[in-house]
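S.K.: Predicted model and sequence below, questions to follow.
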Amino acid sequence: MSEPFEPLLRSFDERRRSELVAAYMAVEHAAEPVPEARLGALREPASRRTLEAMLNLSGRTLIRAGRSEWTSGYQDEVAEELARDPACSPPAGDRAVLTLVLIHSVAIPRAAGRLPDDTWLSPHPTPLEELRRRSQLTITELEAALRRLRLAGLVAQVRADGRSDGGDAGGFVPGPQFHRLTPAARRRLQEELILAAGPDSPLAATIRARRRSRERVRQEAGRQEAGRQETRTQAVREAAVQGENS
Amino acid sequence: MTEPSVDPGVLARARARALGAPAQPVSEPVPAGLTTASDGERLWLLPAWPDGATPALLEEYDTAPMPMDRSGQARRVLAAALRCCWTRLDDAPWPGEAVPVPAVLEVYGGMSRGDAELARRWATGELRRLSDTGWLLLDESAGVVRPGPRVALWHDDALGPLRDLLRRLPEPPQGVLAGE
């Protein structure tokens, strides 16, 4: 078996190496973000850079959650590629159920000022009845979708707290995977919800305009990069010719 | 137009992670930097962890892994399935043998108290979940189950306690195993 991590870990002594491996396994497999106080390799910027390089081997990146907690997620460009692959996308029914959970547990409470701006985790559950009524899925399809979403950590079930004085009645909230979104992915998700909920709103128009201008900048950067590469290739060719001649 | 492109090796490893333990024909090339488990026909792509670590390492750091609903029940059903599929306990559990689902349900029934019919129903649901996550391979149309590719990731030196546990479980019914 090839050992892809070896070139990155080779220069560390045994203790530092095992700290890096522990931190890698923790950010990749823990349910929640890990406090840096618990794992030596998460505390120092230098070892976080090595950790980042280890994660990058599989298209992952280190994500800060809160002030001193860390987790991992897909790099934005990798997530974009994976989303184009039909095998990697959940079925439409699952996505519809997840969207309903995000609307009820995050978008509505956020609009009402009951949830901070930049989080996709929520203490406000979406009742099963609401999902049944709005999703247009049969109860069997809905249950299968919820089973898959829970297994993937995309939704979590919250039990009823037993209070009847306006307390939450139990249901589903976004799952622990939502810790793993990069800042850009959180922003994109926020924009998608605005575009879906109010396509004619001024905010939606601003988002569309911003995306158009970003796309133009990207295309321009692409053209410039192609130009630079051509210059570099030319320079290498010239250097090679000079080498042969010297 | 030049799109920001991702290294194909990186993308292949990312894709394998996103899909869990995807299978491919043995004849297809294997992306670098992954572990594989093969049964001769198919080959499953599994993660390669640094220095032989496994997610069990999380316990040493008081860190909870991804939660699984009814994990105790899922573990017992996995044990019942392994009791039937992993017949030569001195060998590795992978690839093991395919056995009829009723044999596993029977062993599970022998491990649990209470309503036998209810236990079978629960266990059938657990077999599906364990199959979704790559711990077992369930073929519902053929009515058989066998170990999943993830068990190939277990280190041999960690298998001792599992072997001891399986020896203490009820024996699989011979009639069912023989397909009678």
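M.R.: Ah, there it is. Numbers count the residues shown, from 1 in each chain, chains lettered A, B, ... in the order given.

S.K.: Which residue does chain B have closest to chain A?
M.R.: residue B:14 (3.2 Å; C-beta to the nearest C-beta). For every residue, glycine as well, the C-beta is placed using N, CA and C.

S.K.: residues near the residue nearest to residue B:68 when sequence neighbours are not counted, how many?
M.R.: Sequence neighbours aside, residue B:74 is the residue nearest to residue B:68 in space, at 6.0 Å (criterion: C-beta to C-beta, 6 or more residues apart in numbering or on different chains). Using other C-beta atoms under 10 Å in any protein chain shown, residue B:74 has 19 other residues around it.

S.K.: host element of residue B:74?
M.R.: helix B:71-85 (DSSP states H and E).

S.K.: Work out the gap between that helix and the centre of the chain.
M.R.: Remark: helix B:71-85 is offset 10 Å from the chain centroid, using C-alpha atoms, centre = their mean, to the nearest Å.

S.K.: Stretch B:9-27 too?
M.R.: With C-alpha atoms, centre = their mean as the basis, stretch B:9-27 stands 17 Å off its chain's centre.

S.K.: ok, which stretches of chain B are helices?
M.R.: B:8-19, B:71-85, B:101-111, B:116-132, B:160-168, B:174-177 (DSSP state H).

S.K.: For chain A, which element, helix or strand, carries the lowest mean pLDDT?
M.R.: Here the helix or strand of chain A ranked lowest by mean pLDDT, DSSP states H and E is helix A:202-245, holding a mean of 74.

S.K.: show me what contacts the residue of chain B closest to chain A?
M.R.: Shown in contact with residue B:14 (C-beta atoms under 8 Å, 6 or more residues apart in numbering or on different chains): A:58-60, A:74, A:78, A:81-82, B:6.

S.K.: swap in residue A:41?
M.R.: Applying C-beta under 8 Å, 6+ apart, the residues contacting residue A:41 are A:16, A:19-20, A:22-24, A:47-48, A:50-51.

S.K.: Name the SS class of it, please.
M.R.: helix (DSSP: H, G, I helix; E, B strand; the rest coil).

S.K.: want to try TSV for the contacts of residue B:14, with pLDDT as columns?
M.R.: Shown next, in TSV, are these (pLDDT from 0 to 100):
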residue	pLDDT
A:58	96
A:59	97
A:60	98
A:74	97
A:78	97
A:81	95
A:82	96
B:6	93
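
S.K.: Just the endpoints, please. Distance across stretch B:41-58?
M.R.: Using C-alpha to C-alpha, to the nearest Å, the end-to-end distance of stretch B:41-58 comes to 34 Å.

S.K.: Identify the residue nearest the geometric centre of chain A.
M.R.: residue A:181 (2.4 Å; C-alpha atoms, centre = their mean).

S.K.: Relative to residue A:73, how far out is that one?
M.R.: Applying C-beta to C-beta, to the nearest Å, the value for residue A:181 to residue A:73 is 6 Å.

S.K.: Could you name every residue contacting both of the two?
M.R.: With C-beta under 8 Å, 6+ apart, residue A:181 and residue A:73 have common neighbours residue A:63.

S.K.: buried stuff in the helix holding residue B:74?
M.R.: B:73-74, B:76-85 (16 or more other C-beta atoms under 10 Å in any protein chain shown).

S.K.: what's the angle from that helix to helix B:101-111?
M.R.: 120 degrees (axes from the mean of the first three to the mean of the last three C-alpha atoms, to 10 degrees).

S.K.: tell me which strands and helices helix B:71-85 is in contact with?
M.R.: Applying 3 or more C-beta pairs under 8 Å, 6 or more residues apart in numbering or on different chains; DSSP states H and E, one finds that helix B:71-85 makes contact with strand B:99-100, helix B:101-111, helix B:116-132, strand B:144-147, helix B:160-168.

S.K.: ok, and what's touching it?
M.R.: For helix B:71-85, contacts defined as C-beta under 8 Å, 6+ apart pick out B:68, B:93, B:96-99, B:103-105, B:107-108, B:111-112, B:122-123, B:126-127, B:129-130, B:135-136, B:145-147, B:151, B:162, B:165-166, B:169-172, B:177.

S.K.: With stretch A:12-26 instead?
M.R.: A:9, A:34, A:38-42, A:47, A:50-51, A:54-55, A:70, B:49-51, B:53-55, B:57-58, B:60-61, B:63.

S.K.: Buried ones among the residues you listed?
M.R.: Buried subset of the contacts of stretch A:12-26 (neighbour count, 16+ other C-beta under 10 Å): A:9, A:34, A:38-42, A:47, A:50-51, A:54-55, A:70, B:49-51, B:53, B:55, B:57-58, B:63.

S.K.: Select from those every entry located in strands.
M.R.: Per DSSP state E, strands hold the following members of the buried ones among the contacts of stretch A:12-26: A:34, A:70.

S.K.: ok, the closest residue to chain B within chain A - how many residues close by?
M.R.: Taking C-beta to the nearest C-beta, chain B has its nearest neighbour within chain A at residue A:59, 3.2 Å off. By other C-beta under 10 Å, 25 other residues sit near residue A:59.

S.K.: what do you get for residue A:220?
M.R.: By other C-beta under 10 Å, neighbour count at residue A:220 equals 10.

S.K.: how close does the residue lying closest to residue B:41 once chain neighbours are set aside get to residue B:36?
M.R.: Of all residues not flanking residue B:41 in the chain, residue B:26 sits nearest, at 6.4 Å (C-beta to C-beta, 6+ apart). Using C-beta to C-beta, residue B:26 is found at 9 Å from residue B:36.

S.K.: shared neighbours of the two, anything?
M.R.: Taking C-beta under 8 Å, 6+ apart as the criterion, residue B:26 and residue B:36 both touch residue B:43.

S.K.: the more surrounded of these two?
M.R.: Higher neighbour count among residue B:26 and residue B:36: residue B:36, with 17 against 13, using other C-beta under 10 Å.

S.K.: related to what we said a few turns ago, and the pLDDT at the residue nearest to the centre of chain A?
M.R.: pLDDT, residue A:181: 95.

S.K.: Would you confirm that it contacts residue A:75?
M.R.: No. With contact defined as C-beta atoms under 8 Å, residue A:181 and residue A:75 do not form a contacting pair (11.8 Å).

S.K.: which parts of the helix or strand residue A:95 falls within are buried?
M.R.: Assigned by DSSP H and E, residue A:95 falls within helix A:92-102. The neighbour-count check on helix A:92-102 (16+ other C-beta under 10 Å) flags A:93-94, A:96-102 as buried.
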